[in-house]
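>>> got a predicted model here, sequence first, then my questions.
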Amino acid sequence: MSITGLHHITLVTNNAQANVDFYTKVLGLRLVKQTVNFDDPGAYHLYYGDSSGSPGSAVTFFEWKQSPQGRPGIGGTHHLALTVADTDGLLMWKRRLTDLGIPVNGPLDRHYFTSIYFRDPDGTILEIATLGPGFAVDEPADALGTAYREPPAEMVVRNRDEERIKAAQWPQPVAEITAGMALNHGMHHITAIGSSIQRTDDFFGGILGMPRVKMTSNFDDPTSAHWYWGVDGGRPGSLITYFERDSDNERYHRVRMGAGQTHHFAFSVPDEETQLVFRERLVKAGMRVSPVMDRIYFKSIYTNDPDGHIVEIATAGPGFLIDEDEPNLGTALQLPPWLEQHRATIANSLTPLTAAPWQPPKETI
């Protein structure tokens, strides 16, 4: 019984409509569910993903209108990465975003993939990363994560070549998102920040049983460890990675929750039986863990990483089709049964959203 990959990530936005416009119109994700935070029903909870919001593709947001600006730090998430098939698709994204006036950093060589970085309207750091070449480029596939791997010197040089990076651009404007650049592969990885990489490894590798697939350094800050955990040899969509930051160093601070920052991230397990095994494992390890909570679209338990970041373990099903058919996903406000009696009050507290009908990416000719 094991974790099968990432399930979703939940972040904070100040403005639900601006959020919908960015993630659907700019990035082409599908709004698969309009609902509310079940623990705070006066706030939207919006889910984006692939055509059905399958586990590993779901990026979700709480709308907290008066929330202060968040800030990455120890105990929080640094960035979220989405997956594109290849470098051509990545360059097309760079051109599309740049033409829309969104500053882009990259493409940068991350040795195991290539990626670009930019921010959403709330300041969330987003990355788009290629599927490959993968983690076996510098150690055998059957020995991943067993030894420290120094960042390659030639890669470091390439990433400092500003002229090369600036020149790496798709030659034509990209007015529409094509199938070749679509982000329907879901998440690539989530990168968080911890104060002790060994303690983090004890949690993910030990208690949660996730294989460590790489021990290296932060390519932009070689003094900081950067370790990766995942399944299936580090399959994109299964990866959680951590930067190590010294909590005694005044340069580094704790996370500040707010707009643009992550509330929690979730791993996927196949069923409720597996979830209960993990709950018992966490209890025996002396970790704080919630009771099983019914989130309608999945069942959840919550714990914390060693620095306090909220970590969820969610079941793969029943999924988002439980209360809407696929053509109509995300088109109307959905509430859990226990909140239906309050629908009028809840709806009046929310700002109505406008979302264009979802269209799958066009095949290139």
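Perfect, thanks for sending it. These figures come from a predicted structure and were not determined experimentally.
>>> ranges for the helices of the stretch 201-350 of the chain?
272-284, 343-349 (DSSP state H, counting those that start in this stretch).
>>> CSV for those helices, including mean neighbour count, distance to Ala179 and mean pLDDT?
All C-beta spots, glycine's among them, are computed from the backbone N, C-alpha and C. Formatted as CSV, the helices of the stretch 201-350 of the chain follow (neighbours: other Cβ atoms under 10 Å; distance: least, Cβ to Cβ, whole Å; pLDDT from 0 to 100):
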stretch, mean neighbour count, distance to Ala179, mean pLDDT
helix 272-284, 15, 34, 98
helix 343-349, 12, 36, 97
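>>> now distance to Gln169 too, for the ones you listed, in TSV please.
Listed next are the helices of the stretch 201-350 of the chain as TSV, based on distance: least, Cβ to Cβ, whole Å:
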stretch	distance to Gln169
helix 272-284	45
helix 343-349	45
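>>> Met92 touches Ala175, doesn't it?
No: applying Cβ atoms under 8 Å as the test, Met92 and Ala175 come out as separate, 10.8 Å apart.
>>> who's more crowded, the two?
More crowded of Met92 and Ala175, by other Cβ atoms under 10 Å: Met92, with 21 against 8.
>>> contact partners for that one?
Listed by Cβ atoms under 8 Å, 6 or more residues apart in numbering, the contact partners of Met92 are Trp170, Val174, Thr178, Gly180, Met181.
>>> can you do 10 Å?
With Cβ atoms under 10 Å, 6 or more residues apart in numbering as the criterion, the residues that contact Met92 are Val84, Asp86, Gln169, Trp170, Gln172, Pro173, Val174, Ile177, Thr178, Gly180, Met181.
>>> got the phi and psi for it?
Main-chain dihedrals, Met92, degrees, to the nearest 10: phi -60, psi -40.
>>> hmm, back to that, quick one: which of the contacts of Met92 is nearest to Gly194?
In terms of Cβ to Cβ, no member of those lies closer to Gly194 than Val84, at 27.4 Å.
>>> mind pulling the model confidence for the closest one?
If you check Val84, the pLDDT there is 98.
>>> that one and Leu97, how far apart?
Distance, Val84 to Leu97, using Cβ to Cβ, to the nearest Å: 12 Å.
>>> please tell me how far Arg251 sits from Pro327.
As judged by Cβ to Cβ, Arg251 and Pro327 stand 51 Å apart.
>>> comparing the two, which residue is more hemmed in?
Shown here are Arg251 and Pro327; by other Cβ under 10 Å, Pro327 has more neighbours (9 against 6).
>>> I figured the more buried one was touching Trp358, is that so?
Yes: assessed by Cβ atoms under 10 Å, Pro327 is found in contact with Trp358 at 9.1 Å.
>>> overlap in contacts, the two.
Taking Cβ under 10 Å, 6+ apart as the criterion, Pro327 and Trp358 both touch Ser51.
>>> could you list the buried residues of stretch 246-266?
For stretch 246-266, a neighbour-count test (16 or more other Cβ atoms under 10 Å) marks 252-255, 257-266 as buried.
>>> tell me the one of the residues you listed nearest His188?
Using Cβ to Cβ, the buried residues of stretch 246-266 come closest to His188 at Phe265, 13.2 Å.
>>> bridging residues for that closest one?
Phe265 forms beta bridges with Ile9, Val311, as assigned by DSSP bridges.
>>> contacting residues around it?
Counting by Cβ under 10 Å, 6+ apart, Phe265 touches 6-11, 77, 80, 187, 190, 192, 240, 305, 309-312.
>>> buried ones among those residues?
Neighbour counting over these (16+ other Cβ under 10 Å) leaves 6-11, 77, 80, 187, 190, 192, 240, 305, 309-312 as the buried ones.
>>> center of the protein, which residue is that?
Leu80 (4.1 Å; Cα atoms, centre = their mean).
>>> so that residue touches Leu183, yeah?
No: taking Cβ under 10 Å as the definition, Leu80 is not a contact partner of Leu183, at 11.6 Å.
>>> identify the contacts common to these two.
Overlap of the contact sets of Leu80 and Leu183 (by Cβ under 10 Å, 6+ apart) consists of Val59.
>>> from Leu91, how far off is Leu315?
To be clear, residue 315 is Thr; Leu isn't right here. Thr315 is 37 Å from Leu91, where distance means Cβ to Cβ.
>>> hmm, back to that, between the helices of the stretch 201-350 of the chain, which gets nearest to Tyr44?
Across these, Tyr44 has its closest neighbour in helix 343-349 (9.8 Å, Cβ to Cβ).
>>> just to revisit the earlier point, out of the helices of the stretch 201-350 of the chain, nearest to Asp109?
Taking the helices of the stretch 201-350 of the chain one by one with Cβ to Cβ, helix 272-284 is closest: 35.9 Å.
>>> chain center to that closest one, what's the gap?
Averaging C-alpha positions (Cα atoms, centre = their mean, to the nearest Å) puts helix 272-284 23 Å from its chain's average.
>>> show me what that helix is packed against.
The contact analysis (3 or more Cβ pairs under 10 Å, 6 or more residues apart in numbering; DSSP states H and E) places helix 272-284 against strand 262-269, strand 299-304, strand 310-315.
>>> now the contacts of Met92: which count as buried?
Buried among the contacts of Met92 by 16+ other Cβ under 10 Å: Val84, Trp170, Val174, Ile177, Thr178, Met181.
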